[in-house]
Each structure stands twice: as C-alpha cells, then as structure tokens.
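this is the structure alone, sequence omitted:
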C-alpha cells in the first residue's frame, strides 16, 4: 500500500514535467520514424543538455524520448515498408500490405494503440512486479535465450510455408550474411574480405535500409505510389472521424496486446536481447494462436498490433536490470546509465530505498509519456496515411535522402551507404524472384544473436549439446516451442478431417 | 627624386595597406592555423562500446581538460574484434592532425594486437603517451554464490570445471585465470561475454561460477558481488574490496601483476612531427591530475579515484612492451582454452 502511495504521488509529481515530455515525445517520434536514427544516438547528441539539467528533468526527457521513438519506428514501416529499427521489421509484414490496400490510417491507429497500450501495460507490469521481474535474469541464461531466439527464427519456416525452397534459401542467406564479422569467441575475422567496416558484423541499419527501403524505392518507381491503384479511393476517403471507431475496434484485441507486451517486457530484461527478438517472437506467437493464421502476412491488424505492443513492452523491460542491478539491458539503457552516473546516481537495489523518486519515477514518467501520446499521435494518423497516395516521383527522392543519411549516421562510415545500396539490389532481386526479404532480415538480425548465445552455452558445457536441455525453464520453453510448431499442422489436420467428415 | 620617392611612398602605402587589410582579414585563421592549438573540438575514438568503463573515465578527464584547453571533446565508439576495429580506424581513417585522440583500455587492446596480427603497429602507427590510471584485475562471484574465498574457488576447480566469465579472451583477466589454473592444477573454463556488463551479469545471476574483470567494475557493483582475490596489490583498492588478498599471496605463485591501464594515445606521426600539439596535450593532461575537479568527476560517477596515476610515454612504452610479451607467451593457451 505504501508502495502504491509512493507511485501515485510520483505520478502526480511527474505530471508537472509536461513541458519536458511534450517536446521529447515529438522529437522521439521524429527520430524513431527516420531509419538509422534512434533514441540512443539522439540522447548521445543531446548529452550536453541532459548533463546540464536536473537529474529528474534529464531522466524524464530520456524516458519520454525513448518511449516515443519506439512508437515512431512503426510509422515508416507501415507507410513505406521501411522499419525505423530492427524492432519494427516485423511490423512491415502486415502493416505495409494494409497500407497498399488503402488502410494506412487503420494500420497506423492499430500501431499507435498497440504501442501505447503495450507501453502502458508493460510499465504497469514492471511497476507492480518489479521485485519479481528483477529476478528474471537469474533464470534466463544463454540456454534459455537459444530457445527464445528459435521462436523468432521459426518465422522463417512460417514465411517459407508458401514456397518452402525459396523461403528457406532466403533465411539461410540471411544467416550466412549474419555470420560475417569477427567470431564471438576468438575475435577472428570471417568473410570480411579484409574490410574493417565488416569486422563488427554486417551493420543492421544499412542492411535494414537496403533490404526494405532501397528495394522498395525501385518497386515504388515501377508502381507509381504506395497504395495500389484499385485501393486509391479507399485511401483518400479515410476521415479524421474514423479514428475513434478504429481505436474502439483495435481495443477489442486488448488480450493479444497484453500478452505480447509481457513477452516484450520479459525479453527486454535480458541484457543483449531486445526489441528485434521480442517483435519477431510476438508476431510468431500471435500467428500461432490466431484463429486465422493463414491471413498473417496479407495485411491484418493483429500482425501490426502484436509486434508493436511487444517492442514497446521492451522499453520498460530493458530498464529493469538497469534500475535493479545496475546493469543496462540495452544500448539506450546503457547511455541513460552514463547520464544518471554523471548526475551522481548510484544504480542498483539501494536506489529503491535511497532515491525511490528516481527508481520508480522513471516508470511513472514512462506511463505519463504514453498517455500524452494519445492526444499527440491519433490526430496525426489521417494526415500521415496520405503519404501512401503521394506519387513516387515526389516520395522517392525524400525516402532516398533520409534513408541514405540514416545508413550513414549510426557509425559514420561512407561504406555503410554503399552497403545499403548493395542490400537494396539484393532486396530488389529477391522481391522480383519471389524470395521474401523478411526471411533474409530475420537471418541477419537473429543469426548473430543465436550464434552468440549458442556458442556461449556450448562453451560452458565444453561442447556437450546436452546443456541445451539441462534447465527446467529451458526444457519448458523447448516443449512450448514444439507445441507452437505443431499447432498449425494439427489445426490443418483437424480442418481437413472436419471437411472430409462434412 | 622627391616625386619618385613620393610615388614609391604611395605605392608602398598602398602595398602596405593591402597587406595590412589582407592580414586583418586572414589573421584569425592564420593564427588559428599556426599557433593556437587547439582551436576546434577534439575527437576521441574509443575502441569499446558506449556506457563502458573507458567512456566513463575518459569523460571524467575531458570534463576537466575542456576548461584548460578551451575546446570540447566529441566521442565516437568503434567496438569490435577486441579493439582492432577502433585502432585500425583510428590509425588509418582519422586525420593525423592532433585533433583526433584515442582513449585506450591499454592492456586488453595490446593483448589483441599481440595475438591477432592486425594491420597497425604499436608504437609505429599509434603511440600511447599518457597513462591515466590502472585498475587491478580481480576475481569475483555474485553475492548469492556459495563460494566464499579464493582457496574454495581453486578447490572447486580441482574437483570440477569452474566456469569463469570474462569480457573477452584477449584480456589480462583471462591470462590471469589461465596462469592460476596452470599453477594450481585447477580446471577453469573461460567464457567470453563480450563486455563488462554481461560479464558481471553472468556472475551475479550464477550463469558462471565467477567472473574476472577490473576492480573498478567490481567495486561499482557494490553489494551485488563479492571480490575473492586480486592480481595486483593496491592497498587503496583492497580497502574497497573487503581487503581481498592477492592471488600470489594466497597460493605462493609468481603470476605477473595484472591490471587494466587506461590512457591517451595519438598518431605517432603527430607525436613526432607536431611538437606544439604534443606539448600542449601532455601539459594539459598532466595538469588534470593535480586539479581537484578530477576527483569530483570520479566521485560523481562512483568510480574509484585511487587508481588514477599519470604515466608518461616511457611508462606507456613499457606497458606496451611487457603486455605484448606476456600475451605472446600465453597466445597458444588462450587459443586452446
């Protein structure tokens, strides 16, 4: 009860910082929507600001920016098939087909609702169960992470279901590309061709930009605009007044958004894991337990809601180890840690006793930020959705300029712009020949993470694969993985038997 | 004659006026270009990721240096391949003009250099010229670990394989654990976790039996970890780690003192050919050690200040030489581990 009173008090206290939150939310949305920019590099750019203001202001600013950027990532994923980060890549699977069908406004509303709802649920989940959640890291080690990542990797098989050979080949190509770079154990370069820029692996942002944005530019030039001609009327007829009906409709998926947000929180707690894993795992799980799994990938709102809710759940999860143990769960949390340290804040369990206003305040600030996004974001949905009707000759130069800049920004290498163009050609060829670019991307994103956790687990056991089945939680996850893989086959069989019986 | 003289004077006057005008126009840039180093921000390359120990300590120093030098510092991070990426990028892709510095985790990065045969040469391309401090390497366990002492850890490792989280294999901590295992006939299995945070997390959560990293990291984790022993005797650090004993004093071994030094490095070409840059930087960096503001900076981020000590280019040269020799001695064992 005392804790609840503290949190309620902090909620009211944090509200007085609305003047920090509103610009941070707007900025977060903008940087989240531009591929290559992120909350992490924006906080770095703004370090002089965050280091010079009061710690409460700095913390609220960073938290609002971080939360808003997660929402912003989904916007270009839906409108122009360009995910702002790896965490929004799964959103393109259904978000972009919806935009092509003239339903960009509906997809955006689902994205905003899922992001806000997922963010709120994730934050409240963390706030109410923080002592328990801070223990998650004690039970999810390399072995368990191998199985969790496998959930995401099985999406390749799902995508491959339409054309098994091409789907698996695309996934395999992605895994091979993901293996480029120095090996995790001995730091030996592999397939880098002596290029220093590839020593740290294929950078995700140029790969993402190339596979999605640049290849999309080529197809946009051919097609004329995002929305298909037959749906142009639908796209331009969307009205501002539709938003409320769409919000109500999307809220009917509250259960899906709740448990995918919790997936995001739990995965976010693991250092090194993050939104990329969470969104793919959430998408895969949503599809598995959907009544209409065959519609996933064709442009259904559940395919937008699940990954968006999950990647916003990650936002709160990634802060749990930072606040509870003093070890950041991701890159943005690491930079926030630097800022907090410079303000003299000692992170760790004592923070909840010594400075509860900061320890809990970061989460109440997140809650308010998400609430503030409601009036700020929903009115924008209709105007944003009109992007899909803009002719390609206007849209393409803008996308090209922003994405090339985005490819350059994270590392500052000209090489990365060339790499984005290379991946663009690969993506274009893949689209033209019926290979799924998302299958390639899943391999690129999850392949190195899988290798890292698998190699670590095997090294702990000195090569004994039995370690993969050595923990109760790991084994439970294996069973769950097998069940989720079997469900589609069992369902298909049951439908067939019913049809035969009928 | 007078006329001539007068004409000459006019010409002279015109010439002088033109020259003075030009000088007036270009003087600031000429001055900036020639003497007043530094006149723009200095770029700092770090060969590890953001949020790590190198960034934290580098910022402590540059927060003091900026007032002395009158310019700001900008950071770029190029982790990967045990420091190779950052070093190669710094050596060959950053201008050799004195406005690019490298802040280095000296020991692990020198071990990478000695075991990986990269494209740059130390000190041929990059010279470490100012050591800023050294932190002893320590072995620690999570607060919930049943292992209470160094002896108990080694006893365990004689009965079964003990897993040790390390930041990466080319690291002084990895060499220390290998040396201890060899000396005591104990079986330690090194598991690289790719950075200080996941390494600590492995020990805290019990994924590995213990971890080997710097005292600075262990101390900053407070009650989350228990330090069992140290590879270098530094009383100030020992006091902050419940007087953890040195490995050599417990087992009577002769393992070399192991620490992780940090320091400033620059292009050797600048060091040799731009004495004004060298002198200005060395003087300013030296001065930070006597500036009380530096201690405040370290206290603000809860980092131990006791290991802070200045070492000139000779000290740095010895570190490079000795660490290279040590790494080459253990190169095969690191590979086979």
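Perfect, thanks for sending it. Since the model is a prediction, treat every value here as computed from it, not as a measurement.

host element of residue A:428?
helix A:414-432 (DSSP states H and E).

name the helices or strands packed onto that helix?
In terms of contacts (3 or more C-beta pairs under 8 Å, 6 or more residues apart in numbering or on different chains; DSSP states H and E), helix A:414-432 is packed against helix A:204-208, helix A:215-223, helix A:392-408, helix A:437-460. For every residue, glycine as well, the C-beta is placed using N, CA and C.

give the buried residues for that helix.
A:415-417, A:419-421, A:423-424, A:426-428, A:430-431 (16 or more other C-beta atoms under 10 Å in any protein chain shown).

and residue B:306, which of the three is it?
coil (DSSP: H, G, I helix; E, B strand; the rest coil).

tell me the contacts of it?
When contacts are counted by C-beta atoms under 8 Å, 6 or more residues apart in numbering or on different chains, residue B:306 touches B:234, B:236, B:237, B:240.

again, but for residue B:249
Contacts of residue B:249 by C-beta under 8 Å, 6+ apart are residue B:233.

ok, now residue A:177?
A:202, A:207, A:440, A:443, A:444, A:447.

what's the burial count for the closest residue in space to the last one that isn't next to it in sequence?
For residue A:447, ignoring the flanking residues on the chain, the nearest one in space by C-beta to C-beta, 6 or more residues apart in numbering or on different chains is residue A:178 at 2.9 Å. For residue A:178, the tally of surrounding residues (other C-beta atoms under 10 Å in any protein chain shown) stands at 24.

measure residue A:178 to residue B:88 for me?
22 Å (C-beta to C-beta, to the nearest Å).

between the buried residues of helix A:414-432, which sits nearest residue B:55?
Distance to residue B:55 across those (C-beta to C-beta) is lowest for residue A:416, with 22.1 Å.

per-residue confidence at that closest one?
Looking at residue A:416, its pLDDT stands at 92.

what about the strands in the stretch 151-300 of chain A?
In the stretch 151-300 of chain A, the strands defined using DSSP state E, counting those that start in this stretch lie at A:181-182, A:189-190.

ah, wrong one, I meant the stretch 151-300 of chain B
For the stretch 151-300 of chain B, applying DSSP E, counting those that start in this stretch gives strands covering B:162-166, B:188-192, B:210-214, B:225-230, B:259-267.

contact partners of the fourth one?
Judged by C-beta under 8 Å, 6+ apart, the contacts made with strand B:225-230 from elsewhere in the structure are B:136-143, B:145, B:147-150, B:153, B:200, B:203-204, B:210-211, B:215, B:218, B:237-238, B:241-242, B:244-247, B:250.

just the second one next, same as before
Residues lying outside strand B:188-192 but in contact with it, judged by C-beta under 8 Å, 6+ apart, are A:184-185, A:456, A:459-460, A:462, B:157, B:161-169, B:174, B:177-178, B:180-181, B:202, B:208, B:337.

OK, contacts around residue A:411?
With C-beta under 8 Å, 6+ apart, residue A:411 has these contacts: A:197, A:203, B:78.

try 10 Å
Residue A:411 sits next to A:36, A:197, A:200, A:203, A:205, A:206, B:76, B:77, B:78, B:85, B:89 when contact means C-beta atoms under 10 Å, 6 or more residues apart in numbering or on different chains.

three-state assignment of it?
Under three-state DSSP, residue A:411 comes out as coil.

let me know the pLDDT of it.
At residue A:411, pLDDT is 78.

what distance do you get for the closest residue to residue B:193 other than its chain neighbours to residue A:21?
Distances taken as C-beta to C-beta, 6+ apart place residue B:199 nearest to residue B:193, at 4.3 Å, with adjacent residues excluded. Distance, residue B:199 to residue A:21, by C-beta to C-beta: 35 Å.

same thing with residue A:501?
In terms of C-beta to C-beta, residue A:501 sits 58 Å off from residue A:21.

these two: which has the busier surroundings?
Set side by side, residue A:501 and residue A:21 show more neighbours around residue A:21, with 26 against 6, by other C-beta under 10 Å.

and the more buried one, that's in a helix?
Yes - looking at residue A:21 with three-state DSSP, it is inside a helix.

shouldn't it be in contact with residue A:365?
Yes - judged on C-beta atoms under 10 Å, residue A:21 makes contact with residue A:365 at a distance of 7.5 Å.

give me the common contacts of those two.
Joint contacts of residue A:21 and residue A:365 (C-beta under 10 Å, 6+ apart) are A:14, A:15, A:60, A:61, A:63, A:64, A:67.

residue ranges with poor pLDDT in chain B?
B:1-35, B:337 (pLDDT under 70).

mind giving me the domain split of it?
B:42-134+B:259-336, B:136-251 (automatic domain parsing).

which of the contacts of residue A:411 tops the neighbour count?
Busiest of the contacts of residue A:411 [other C-beta under 10 Å] is residue A:206, holding 31 neighbours.

what are the phi and psi angles of the closest residue to chain B within the stretch 101-250 of chain A?
Using C-beta to the nearest C-beta, the closest approach of the stretch 101-250 of chain A to chain B is made by residue A:200 at 3.1 Å. Per-residue torsions, residue A:200: phi -90, psi 20 (degrees, to the nearest 10).

show me what contacts the closest residue to residue B:313 other than its chain neighbours?
The shortest distance from residue B:313 to any non-neighbouring residue, by C-beta to C-beta, 6+ apart, is to residue B:129 (4.4 Å). Neighbouring residues of residue B:129 by C-beta under 10 Å, 6+ apart: B:101, B:123, B:263-266, B:268, B:270-271, B:278, B:281-282, B:285, B:311-317.

what of residue A:66?
A:24, A:28, A:32, A:38-40, A:42-43, A:315, A:318-319, A:330, A:332-333, A:335-336, A:362, A:366, A:369.

tell me which element it falls in.
Here residue A:66 is assigned to helix A:55-80, by DSSP H and E.

buried sites along that helix?
A:55-56, A:58-80.

and for the nearest residue to residue A:22 once chain neighbours are set aside, the neighbour number?
Closest residue in space to residue A:22, ignoring its immediate chain neighbours: residue A:372 at 6.6 Å, by C-beta to C-beta, 6+ apart. By other C-beta under 10 Å, 20 other residues sit near residue A:372.

for residue A:372, give me its contacts.
So residue A:372 contacts A:15, A:18, A:21, A:22, A:24, A:25, A:64, A:67, A:68, A:116 (C-beta under 10 Å, 6+ apart).

in CSV, list those residues along with pLDDT.
Listed next are those as CSV, based on pLDDT from 0 to 100:
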residue, pLDDT
A:15, 82
A:18, 86
A:21, 89
A:22, 90
A:24, 91
A:25, 90
A:64, 89
A:67, 88
A:68, 89
A:116, 94
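
possible to save the residues you listed as a markdown table with distance to residue A:401?
As requested, the contacts of residue A:372 are exported to a markdown table (distance: C-beta to C-beta, whole Å):
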| residue | distance to residue A:401 |
| --- | --- |
| A:15 | 39 |
| A:18 | 34 |
| A:21 | 30 |
| A:22 | 28 |
| A:24 | 25 |
| A:25 | 25 |
| A:64 | 28 |
| A:67 | 27 |
| A:68 | 23 |
| A:116 | 30 |
